[in-house]
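Participant: I need the structure of the sequence given here:
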Amino acid sequence: MADSTTEQLAGDAKPDLDLARAAWQPSGGRRGNVQIAFVEGYIAMRDRRDPDVPAVIFSPGEWRAFVLSARDGEFDLT
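Facilitator: Numbers count the residues shown, from 1 in each chain. Alright, predicted model coming up:
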(Lines give C-alpha, C1' and ligand atoms only; values in the text may rest on other atoms or scores of the structure.)
Protein backbone atom coordinates (compact mmCIF):
# COMPACT_ATOMS: atom_id res chain seq x y z
CA MET A 1 0.00 0.00 0.00
CA ALA A 2 1.22 3.55 -0.73
CA ASP A 3 0.97 4.84 2.83
CA SER A 4 4.70 5.37 3.16
CA THR A 5 7.82 4.98 1.13
CA THR A 6 11.35 3.79 1.54
CA GLU A 7 12.43 4.70 -2.00
CA GLN A 8 15.22 7.27 -1.99
CA LEU A 9 17.43 9.13 -4.39
CA ALA A 10 21.17 9.41 -3.94
CA GLY A 11 22.27 12.19 -1.65
CA ASP A 12 20.95 13.25 1.71
CA ALA A 13 18.91 10.73 3.66
CA LYS A 14 15.18 11.20 3.27
CA PRO A 15 12.62 10.58 5.98
CA ASP A 16 10.11 7.77 5.73
CA LEU A 17 7.17 10.06 4.95
CA ASP A 18 3.58 9.16 5.76
CA LEU A 19 1.88 9.52 2.38
CA ALA A 20 -1.51 8.15 3.47
CA ARG A 21 -3.07 11.63 3.51
CA ALA A 22 -0.96 13.20 0.79
CA ALA A 23 -2.83 15.42 -1.65
CA TRP A 24 -1.66 13.87 -4.93
CA GLN A 25 -1.97 16.06 -8.00
CA PRO A 26 -1.21 15.42 -11.64
CA SER A 27 1.98 16.93 -12.97
CA GLY A 28 1.70 18.66 -16.31
CA GLY A 29 -2.07 18.69 -16.39
CA ARG A 30 -4.26 15.63 -16.81
CA ARG A 31 -2.23 14.16 -19.68
CA GLY A 32 0.64 12.65 -17.71
CA ASN A 33 0.92 9.50 -15.68
CA VAL A 34 2.93 11.10 -12.88
CA GLN A 35 1.50 12.51 -9.68
CA ILE A 36 3.25 14.69 -7.12
CA ALA A 37 2.54 15.63 -3.52
CA PHE A 38 4.18 18.13 -1.19
CA VAL A 39 4.72 16.51 2.21
CA GLU A 40 6.71 17.81 5.18
CA GLY A 41 8.99 19.98 3.03
CA TYR A 42 9.69 17.24 0.47
CA ILE A 43 8.22 16.43 -2.92
CA ALA A 44 6.94 12.90 -3.52
CA MET A 45 6.44 11.60 -7.06
CA ARG A 46 4.59 8.42 -8.05
CA ASP A 47 3.13 6.64 -11.06
CA ARG A 48 -0.59 7.40 -11.30
CA ARG A 49 -1.21 4.02 -12.96
CA ASP A 50 0.46 2.08 -10.14
CA PRO A 51 0.16 4.09 -6.89
CA ASP A 52 1.14 1.13 -4.71
CA VAL A 53 4.74 1.29 -5.96
CA PRO A 54 6.81 3.40 -3.54
CA ALA A 55 7.08 7.06 -4.42
CA VAL A 56 10.40 8.73 -5.17
CA ILE A 57 11.20 11.47 -2.66
CA PHE A 58 12.98 14.70 -3.62
CA SER A 59 14.37 17.46 -1.43
CA PRO A 60 13.45 20.95 -2.72
CA GLY A 61 16.91 21.33 -4.31
CA GLU A 62 16.73 17.93 -5.99
CA TRP A 63 13.24 18.72 -7.28
CA ARG A 64 14.38 22.02 -8.76
CA ALA A 65 17.32 20.32 -10.50
CA PHE A 66 15.02 17.56 -11.81
CA VAL A 67 12.43 20.02 -13.18
CA LEU A 68 15.06 22.24 -14.83
CA SER A 69 16.71 19.19 -16.42
CA ALA A 70 13.36 17.92 -17.66
CA ARG A 71 12.59 21.32 -19.20
CA ASP A 72 15.96 21.21 -20.96
CA GLY A 73 15.03 17.83 -22.49
CA GLU A 74 17.56 15.80 -20.55
CA PHE A 75 15.02 13.04 -19.93
CA ASP A 76 13.35 13.03 -23.36
CA LEU A 77 13.10 9.35 -24.29
CA THR A 78 11.42 9.84 -27.67
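
Participant: Flag every buried residue along stretch 49-66.
Facilitator: 55-58, 62-63, 66 (16 or more other CB atoms under 10 Å). All C-beta spots, glycine's among them, are computed from the backbone N, C-alpha and C.

Participant: any idea how far S69 is from E62?
Facilitator: 11 Å (CB to CB, to the nearest Å).

Participant: do D18 as well
Facilitator: D18 is 20 Å from E62, by CB to CB.

Participant: Stretch 13-22: end-to-end distance?
Facilitator: Using CA to CA, to the nearest Å, one end of stretch 13-22 lies 20 Å from the other.

Participant: same question, stretch 48-63
Facilitator: 18 Å.

Participant: Can you give the distance from that stretch to the centre of its chain?
Facilitator: 3 Å (CA atoms, centre = their mean, to the nearest Å).

Participant: Can you read off the backbone torsions of the residue nearest the centre of the chain?
Facilitator: Most central in the chain under CA atoms, centre = their mean is M45, positioned 1.6 Å from the mean C-alpha point. Per-residue torsions, M45: phi -130, psi 130 (degrees, to the nearest 10).
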